[in-house]
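>>> Need the 3D shape of this:
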Amino acid sequence: MLLGFYETVGRLFSRERIRETERMIRSAGYSQPAEAFVGFLLLVVSLLSLLAFFLMMNYSVLYSFIIAVLGPTFFMPEFAMWILTFIVAVAAVAFSVWVLAWVFLLLQIEARKSAVETALPDFLSLIAANVRSGMTVDQAMWYAAKPDFGILSIEVKAVIKSSFSGEPFEKALDRLALRFNSKVLERTILLVKQAMATGGEVAEIMEITAEDAREVAIQRKDIASTLIVYVIFLVFASTFGTPFLFAVSNKLIVVLGMAFSYLPSGGLGAEVPQMTFIQPSAPVITAGEFQWFSVATIFITCMIASLILGVIQSGSKTQGLKFFPFMLIMAYAIYFVVSSFLESMFASMFV
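Numbering: from 1, shown residues only. Below you'll find the model as predicted:
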């Protein structure tokens, strides 16, 4: 009953968006209707938006932020503040839920892709051996689908069962390709279909494809091992170097601001009038503004570094998303630990 309700809600979206979502869901290994998935997300967004709206109004989160940015003289009617808070709450929750769902599906898709491309060479070799022994292609795939091949054997058995039940074998192979977002598997299935249609040597094609897949995997591992120095530098710079330098810079702004507050109103110019070209002055930005800038920059730096790390390690930037939470937590931990240490160190300098 709930599934039907979710499907009804999901039909509010365009067919193009539903088809795109369905493709991602199938590649992630799920069989639920795309309408039900997006309908469920829409209901989650609605409930969380209401909760966020009441929390933001109760604690005056948006109003406090606006006052901090525009100053205490800013005035906005209460009704306008309600509308603006509701819009911000819906936008923030919708964006967060969409990003989390998108990242979850992408990680599932990439995990299945990695698993199938790892098992595919040995699987193709076993199919080729079965074909050479006199089996048809569908029978060869059925008997080659051993539990050792993991998710690939499960999906192959599912589509071969439908083929045994009367579904055209070519259509079953197309359905297998849709279950994995793998170019290697798609090209392999295309070659098999063409060989069957033209009377080619299916076993020989599978053996050649398996050997090519093994060579690609070996080359990818060699490239990853060659770039290990860059990986170490990238991780160190994004999770250690960047937050450390931002923490030091933030405390430097604090110290300079406090130092200039003890000077006469004329600044150093009143004490040292002969300095005409260099006129030291208090920092233009405050420590609070620089801290917000630091937090945002660390987030972006860790995101880009994790994507680059995924490309180096596996050739797919999506694989790097699984490193992002750990890198971000480490970077923020170092930033706030160093900030607290420097704050305690300089606490006794100005009283």
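
>>> so which helix or strand takes in residue 86?
Of the helices and strands defined by DSSP states H and E, residue 86 is found in helix 78-132.

>>> Tell me how far the residue nearest to residue 61 when sequence neighbours are not counted lies from residue 149.
With Cβ to Cβ, 6 or more residues apart in numbering as the criterion, residue 61 has its nearest non-adjacent residue at 7.4 Å, and that residue is residue 55. Any C-beta I mention is one placed from the backbone N, CA and C, and that applies to glycine too. In this structure, residue 55 and residue 149 are 49 Å apart, going by Cβ to Cβ, to the nearest Å.

>>> The two - which one has more neighbours?
Per other Cβ atoms under 10 Å, whichever of residue 55 and residue 149 has more neighbours is residue 149, with 20 against 12.

>>> Hmm, that one is touching residue 123, no?
Yes - the pair formed by residue 149 and residue 123 meets the contact definition of Cβ atoms under 8 Å, at 5.3 Å.

>>> joint contacts of these two?
residue 156 (Cβ atoms under 8 Å, 6 or more residues apart in numbering).

>>> okay, and for this structure, where does confidence drop off?
Using pLDDT under 70 as the threshold, the predicted model of the chain has low-confidence ranges 1, 68-71, 200, 260-283, 348-351.

>>> Tell me how it divides into domains.
Listed domain ranges for the chain are 2-109, 113-220, 227-264+278-346 (source: automatic domain parsing).

>>> Just give me the neighbour total for residue 36.
Using other Cβ under 10 Å as the criterion, the residues surrounding residue 36 number 19.

>>> got the phi/psi numbers for the residue lying closest to it once chain neighbours are set aside?
Leaving aside its sequence neighbours, residue 36 sits nearest to residue 6 (Cβ to Cβ, 6+ apart; 4.0 Å). Recorded main-chain torsions at residue 6 are phi -60, psi -40, according to degrees, to the nearest 10.

>>> contacting residues around residue 6?
The neighbourhood of residue 6, defined by Cβ under 8 Å, 6+ apart, consists of 35-37, 39-40, 43.

>>> hmm, try it at 6 Å
For residue 6, the contacting residues are 36, 39-40, taking Cβ atoms under 6 Å, 6 or more residues apart in numbering as the criterion.

>>> Inside helices: which ones of those residues?
With helices defined by DSSP state H, the entries of the contacts of residue 6 inside them are 36, 39-40.
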